[in-house]
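>>> Below are the sequence and a predicted model for it; my questions follow.
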Amino acid sequence: MNIAIIYGGKSVEHEISVITALGAYEALKDKYEISLLYFNKSNELFLLEEPIFINNKKPIKISLINGGYMCKKHKKRLDMAILCTHGGAMEGGGLQGLLELYNICYTGSDHITSSILIDKIFTKEILKNNDIPVVEYTYSKNVINYSMPCIVKPSRLGSSIGIKVCYDNLEKSIIEGLEFDERVLIEKYLKEFKEYNIAVLSGDEVVLSNIEEVYKSDDILSYDDKYKSKSDKRIIPAIIDEKIENEIKEIALKSTKILNIKGIARFDFLYDGKLYLNEINSIPGSLAYYLFDISYLDLLENLMKIALLDFQRKAKRKTHFDIDLLDIRGAKK
């Protein structure tokens, strides 16, 4: 198979995307022919020889074409694109829609589901309306005042970027959040809680990962907690009451079905005596491989099988209607 790993892009999570791509490349490089397709921070697309952009002396600028990509030297057909992109349009439906237009098979959820999951407000509205427990919330265009303290989050950012605990001056916190996005989510502050994560591998069947418990160093699980801390802040599998474990699994399965999630997604839960689904990551960092009891290579191959089967099914669907409306209009004239 000719496989592309796609990563980078115009996103505050650009560097995290590079790390995810590097892990996927190391897992696949000895078995598959890999093309490294890197979007820089201006969304220019390059073909690289190594996953880290700065190590490539002469990156080749390329363009996507039907079924693959091209540069001045050659065209390349792709059997599969593994998306290692995080944040913004790179995760939130833009890139997925582009690949669909160019008839390129890719991993993960389609552009519709991806655009919903990147938006915390959209996701919470859907979950709430399907009786899935979420933390009490409102959002920037509806809020006049809100009980303090509260959590203020840009609606379409990940990795805890731009999130803060607001103890006073809500208006200032909202303005700061709007520097990242056009809407912000305001949530009830939970003083004492535990955080649990679970991932799914969703195709014709849904495989659940282990549950992990993650620890925060402050009021929230910060960017530094997730990516910079050298201490072990995870317990896998989590030491957890069986009732809570079953509830986490039931909610993850129900949400996967409702939102039509494909491939790998990670579900983040909060628990303070009651369980809440906090958010869903459609392309989790390092594709959440550490939560599964299989190798990274096996996980990626399962992810590709799901994507290929879905791509083949879509190719069989009708894309035209037999009546030629333009001919009818011409006949009337």
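Received it, and whenever you're ready, just let me know what you need.
>>> Ramachandran coordinates for residue 282?
When read as degrees, to the nearest 10, the backbone of residue 282 gives phi -80, psi -30.
>>> Could you tell me how many residues sit around the closest residue to it other than its chain neighbours?
With sequence-adjacent residues excluded and distances taken as CB to CB, 6 or more residues apart in numbering, residue 282 is closest to residue 117, at 4.3 Å. C-beta coordinates here come from the backbone N, C-alpha and C atoms, glycine included. If you count neighbours by other CB atoms under 10 Å, residue 117 ends up with 26.
>>> what's the answer for residue 243, then?
Residues near residue 243, counting by other CB under 10 Å, number 9.
>>> What is the helix or strand harbouring it packed up against?
Using DSSP states H and E, residue 243 sits within helix 242-258. Packing contacts for helix 242-258, counted by 3 or more CB pairs under 8 Å, 6 or more residues apart in numbering; DSSP states H and E, involve helix 120-129, strand 194-202, strand 206-214, strand 263-271, strand 275-281.
>>> C-terminal to the least confident helix or strand in the chain by mean pLDDT, what's the next element?
When each helix and strand of the chain is scored by mean pLDDT, DSSP states H and E, helix 223-227 comes last, with a mean of 48. Following helix 223-227 in sequence order, the next helix or strand is strand 234-235 (DSSP H and E).
>>> At which residues are the helices of the stretch 51-200 of the chain located?
Per DSSP state H, counting those that start in this stretch, the stretch 51-200 of the chain carries helices over the ranges 88-91, 94-101, 111-117, 120-129, 170-177.
>>> Which positions in the fourth one come out as buried?
So that's helix 120-129. By neighbour count with 16 or more other CB atoms under 10 Å, helix 120-129 contains the buried residues 120, 121, 123, 124, 126, 127.
>>> Between strand 275-281 and that helix, find me the angle.
Put simply, helix 120-129 runs at 140 degrees to strand 275-281, going by axes from the mean of the first three to the mean of the last three CA atoms, to 10 degrees.
>>> buried set for the helix holding residue 243?
Going by neighbour count (16+ other CB under 10 Å), the buried part of helix 242-258 is 244, 247, 248, 249, 251, 252, 253, 255, 256.
>>> got it, and stretch 92-108?
Under the neighbour-count criterion of 16+ other CB under 10 Å, stretch 92-108 has 92-97, 99, 102, 104-108 buried.
>>> what's the most distant pair in those?
The largest separation in these, counting by CB to CB, is between 92 and 105 at 19.5 Å.
>>> Count the residues that sit near residue 317.
Counted with other CB under 10 Å, residue 317 comes out at 6.
>>> actually residue 1, sorry about that
Using other CB under 10 Å, residue 1 has 13 neighbouring residues.
>>> Give the closest residue to it in space, chain neighbours not counted.
residue 79 is the one closest to residue 1 (CB to CB, 6+ apart), at 4.4 Å.
>>> Quote the end-to-end distance of stretch 138-148.
For stretch 138-148, the separation between the terminal residues is 13 Å (CA to CA, to the nearest Å).
>>> Could you do stretch 92-107 as well?
With CA to CA applied, stretch 92-107 spans 13 Å between its terminal residues.
>>> Run the chain-centre distance for that stretch.
Put simply, stretch 92-107 sits 14 Å off its chain's centre (CA atoms, centre = their mean, to the nearest Å).
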